[in-house]
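Colleague: return atomic coordinates for the entry below.
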Amino acid sequence: MTRKIDVFAHVLLPDFYQQMLQIEPKLPALFPFIRHPHLSDLELRRSFWDGQTQQIISYVNINPEDYVSPETAAVLCRQANAELTRTVEENADIFAAGVAMIPMSHLEAAVKILQETAENPYLAGVQLFTRALGRSIADPGFHVIFEACARLGLPIWLHPIFDERKPDNNMVFSWEYELSQAMLQIVEAGLFQEFPQLKIIVHHAGAMAPFFAERIRHILPSKQTEDFRKFYVDTAILGNPKALELTIDYFGVDHVLFGTDAPLGIAPSGATAAILAAIDSLPLADSERQQVLAGNAERLIVKEQRDETRHPSFPSDCSSR
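Modeller: Okay, the predicted model is just below:
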């Protein structure tokens, strides 16, 4: 059986969701996609599971710092991470690991939570968003987070959010633009130069970057052009074999990881089957296909400090790079 690790699947776990609803009851109206029942109802989610694909789960983008004080945001993030840890531990067959949440309004607490994440065998890294508190994620004030992630060997999951300054945000194109812009800002800020061990997994196959490779090459300085290829990306573009082929051509087969955005994208439970069919149709050697489906995730995400307490979803002979 071919092993599959979906690196970008989402949840909205019930305890955290209820806490956030008490703070902001309008959340379902503000973000209609969070109404998807498979985000919170794990038994329902299991009923649609293919029985093979393990998911690395991260919260949908409801961020406590947008609604509460920095101190309360830190408490809520810790509680959310604890709930995520329990969920992965209790559902090890379907969930390979979780991705932690941090309070971007309380950077001291955020760094402490990153240290806790590095010591937690059930959490694989941290999710950041393209903007935080109205600022680019590459803002100098947030560099302490990138430094901590590089030092601790924690991969970053980069997910888009809308730029609220724009009047025409939409789910078709805006998030891809926001991802592309954040990638450019990270590169131009020199974060890969400052922190060579930095590992960033970009959602939606690296968004616009593969399609504008020659604009990147001809407009940016050579070091920044090289840094653009240091991102890791997932395959969450709802299938689309030609676009995935271009993605692999640009980033390299060792920087592309199977990811689906499950359970979102295609009703009723996500695009897993469509994306697997697209990957299967690509002109890849069997070894390259296995890299995309699981090998790259195992190599990138497994923590060196895990020993006999390692989460059982990862083989013991894998090591971080």
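
Colleague: average model confidence for stretch 125-142?
Modeller: On average, the pLDDT along stretch 125-142 is 98.

Colleague: His143 contacts Ile186, correct?
Modeller: No - contact between His143 and Ile186 fails when scored by Cβ atoms under 8 Å: they sit 10.4 Å apart. C-beta: built from backbone N, CA, C; applies to glycine.

Colleague: looking at those two, which one has more neighbours?
Modeller: Ile186 (25 against 16; other Cβ atoms under 10 Å).

Colleague: quick one, phi psi at the more buried one?
Modeller: Ile186 adopts backbone torsions of phi -60, psi -40, taken as degrees, to the nearest 10.

Colleague: which stretches in this protein count as helices?
Modeller: Along the chain, counting by DSSP state H, helices occupy 14-23, 27-30, 42-47, 70-90, 107-118, 143-152, 174-188, 191-194, 213-219, 222-228, 241-251, 272-281, 286-290, 296-301.

Colleague: run the angle between the first one and helix 70-90 for me.
Modeller: For helix 14-23 against helix 70-90, the angle by axes from the mean of the first three to the mean of the last three Cα atoms, to 10 degrees is 150 degrees.

Colleague: now do helix 14-23: everything it contacts.
Modeller: Applying Cβ atoms under 8 Å, 6 or more residues apart in numbering, the contact partners of helix 14-23 are 27, 34, 40, 59, 62, 64, 67-68, 76, 79-80, 83.

Colleague: what do His143 and Ile186 both touch?
Modeller: With Cβ under 8 Å, 6+ apart, His143 and Ile186 have no common neighbours.

Colleague: if I look at the nearest residue to Asp6 once chain neighbours are set aside, how far off is Thr260?
Modeller: Spatial nearest neighbour of Asp6, chain neighbours left out: Gln55 (4.5 Å); criterion: Cβ to Cβ, 6 or more residues apart in numbering. Note on Gln55: its distance to Thr260, by Cβ to Cβ, to the nearest Å, is 8 Å.

Colleague: re earlier: greatest separation within the contacts of helix 14-23: which pair is it?
Modeller: Comparing all pairs in the contacts of helix 14-23 by Cβ to Cβ, the longest separation belongs to Ser40 and Val68, at 20.5 Å.

Colleague: so what's Pro37 up against?
Modeller: Per Cβ under 8 Å, 6+ apart, neighbours of Pro37: Leu44.

Colleague: do the one 10 residues further on as well
Modeller: If you count contacts by Cβ under 8 Å, 6+ apart, Ser47 has none.

Colleague: now it: how far from Tyr17?
Modeller: Counting by Cβ to Cβ, the gap from Ser47 to Tyr17 is 20 Å.

Colleague: pLDDT weak spots in this protein?
Modeller: Low-confidence regions of the chain, defined by pLDDT under 70, span residues 1, 302-321.

Colleague: residue most distant from the centroid, it?
Modeller: Within the chain, the residue lying farthest from the chain centre (Cα atoms, centre = their mean) is His218, at 29.0 Å.

Colleague: tell me who's in contact with Ala74.
Modeller: Counting by Cβ under 8 Å, 6+ apart, Ala74 touches 103, 106, 109-110, 113.

Colleague: report the two of those separated the most.
Modeller: Using Cβ to Cβ, the contacts of Ala74 span at most 9.3 Å, a distance reached by His106 and Ile113.

Colleague: nearest residue to the residue nearest to the spatial centre of the chain other than its sequence neighbours?
Modeller: Centroid check for the chain by Cα atoms, centre = their mean gives Trp157 as the closest residue, at 3.1 Å. Closest residue to Trp157 apart from its sequence neighbours, by Cβ to Cβ, 6+ apart: Gln127 at 4.3 Å.

Colleague: same question for Ile156.
Modeller: Nearest non-adjacent residue to Ile156, counting by Cβ to Cβ, 6+ apart: Ile200, 4.7 Å away.

Colleague: identify the residues contacting the one you found.
Modeller: Residues counted as contacts of Ile200 (Cβ under 8 Å, 6+ apart) are 155-156, 158, 186, 230-232.

Colleague: got it, and Asp66?
Modeller: Here Asp66 is in contact with Leu133 (Cβ under 8 Å, 6+ apart).

Colleague: quick check: the gap between it and Gln19.
Modeller: Distance, Asp66 to Gln19, using Cβ to Cβ: 14 Å.

Colleague: again with Asp139
Modeller: 28 Å.

Colleague: same question, Thr272
Modeller: Using Cβ to Cβ, Thr272 is found at 29 Å from Gln19.

Colleague: looking at those two now, which is surrounded by more residues?
Modeller: For Thr272 and Gln19, the more surrounded residue by other Cβ under 10 Å is Thr272, and the numbers stand at 25 against 16.

Colleague: what are the phi and psi angles of the nearest residue to that one once chain neighbours are set aside?
Modeller: Distances taken as Cβ to Cβ, 6+ apart place Thr260 nearest to Thr272, at 4.8 Å, with adjacent residues excluded. Dihedral pair for Thr260: phi -130, psi -20, per degrees, to the nearest 10.
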